[in-house]
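# Predicted model, plus sequence, below.
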Amino acid sequence: MYYGESQTSLDEKGRITVPRQFRLLMESMDHDTWYMTRGFDGAIFLFPSEEWKKLKDLGSGHSPLDPRMLDFRRMFVGSATKVKQDKAGRFAVPALLREYAGLEKDGVLLGVDDHLELWSKEGWCAFQRQQMAQYKEMASALFASASSGASTTEGVERDVEN
């Protein structure tokens, strides 16, 4: 689905230009309606309408009186806005979300598989610096069970010995 990192900037009316690589994917997958909301770590999340519906359906299975779910929904759903690209390929970013993300001018748009993330350039750089030390450990934890490196290595060693 969506992948990659692109620089973008906010114009004087609070809009970002969606980079061409993402616009082409949006067109090909018929993703014209998006939901923009408060994400994690200072990012703004953008979900195509199908993904947004899936998330909403997951949340609707919980009691509206569950305090943790209510707090999450206040933050996530309460700040959501429905957006569409204008003819120039721009998304309007509401002031509430720009303030949350610290997005004043330069931004970064990331493709994260099923959604996009909009970061301030400074916020994205700080997040990367913070996570870099753990990057290898994250990869190890995620992929260790998916590979059987020991059996492959043993087979190669046997072939070399013979």
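Yes, it's here.
# Now do the residue lying closest to His62 once chain neighbours are set aside against Ala43, distance only.
The spatially closest residue to His62, leaving aside those adjacent along the chain, is Met69, at 4.3 Å (C-beta to C-beta, 6 or more residues apart in numbering). The C-beta positions use only the backbone N, C-alpha and C, and glycine is treated the same way. For Met69, the distance to Ala43 (C-beta to C-beta, to the nearest Å) stands at 21 Å.
# Next: Asp106.
Between Asp106 and Ala43 the computed distance is 15 Å (C-beta to C-beta).
# What ranges does this structure have for its strands?
Per DSSP state E, the chain carries strands over the ranges 2-9, 15-17, 33-38, 44-48, 81-84, 90-92, 106-113, 115-120.
# Pairing partners for the last one, with directions?
To tie it back to what came earlier, the one meant is strand 115-120. Listed by DSSP bridges, the sheet partners of strand 115-120 and their directions read strand 44-48 (antiparallel), strand 106-113 (antiparallel).
# pLDDT of that strand, averaged?
Mean per-residue pLDDT for strand 115-120: 98.
# Can you check what angle separates that strand from strand 2-9?
When axes from the mean of the first three to the mean of the last three C-alpha atoms, to 10 degrees is applied, the directions of strand 115-120 and strand 2-9 differ by 30 degrees.
# contacting residues around strand 115-120?
The contact list for strand 115-120 (C-beta atoms under 8 Å, 6 or more residues apart in numbering) reads 2, 8, 16, 22, 34, 36, 39, 42-48, 51, 93, 101-104, 106-110, 127.
# do the same with the fourth one
Taking C-beta under 8 Å, 6+ apart as the criterion, the residues outside strand 44-48 that touch it are 26, 29, 31, 33-39, 55, 83, 91, 93, 97, 100-101, 103, 114-119.
# ok, 6 Å please
Under the contact criterion C-beta atoms under 6 Å, 6 or more residues apart in numbering, strand 44-48 has outside partners 31, 34-37, 39, 97, 101, 115-118.
# do the fifth one as well
The set of residues that contact strand 81-84 without belonging to it, under C-beta under 6 Å, 6+ apart, is 32-36, 91, 94.
# Could you dump those residues into JSON lines and include neighbour count, pLDDT and distance to Phe143?
Listed next are the contacts of strand 81-84 as JSON lines, based on neighbours: other C-beta atoms under 10 Å; pLDDT from 0 to 100; distance: C-beta to C-beta, whole Å:
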{"residue": "Asp32", "neighbour count": "11", "pLDDT": "94", "distance to Phe143": "35"}
{"residue": "Thr33", "neighbour count": "14", "pLDDT": "96", "distance to Phe143": "34"}
{"residue": "Trp34", "neighbour count": "22", "pLDDT": "98", "distance to Phe143": "30"}
{"residue": "Tyr35", "neighbour count": "20", "pLDDT": "97", "distance to Phe143": "31"}
{"residue": "Met36", "neighbour count": "22", "pLDDT": "98", "distance to Phe143": "31"}
{"residue": "Phe91", "neighbour count": "22", "pLDDT": "97", "distance to Phe143": "34"}
{"residue": "Pro94", "neighbour count": "16", "pLDDT": "97", "distance to Phe143": "37"}
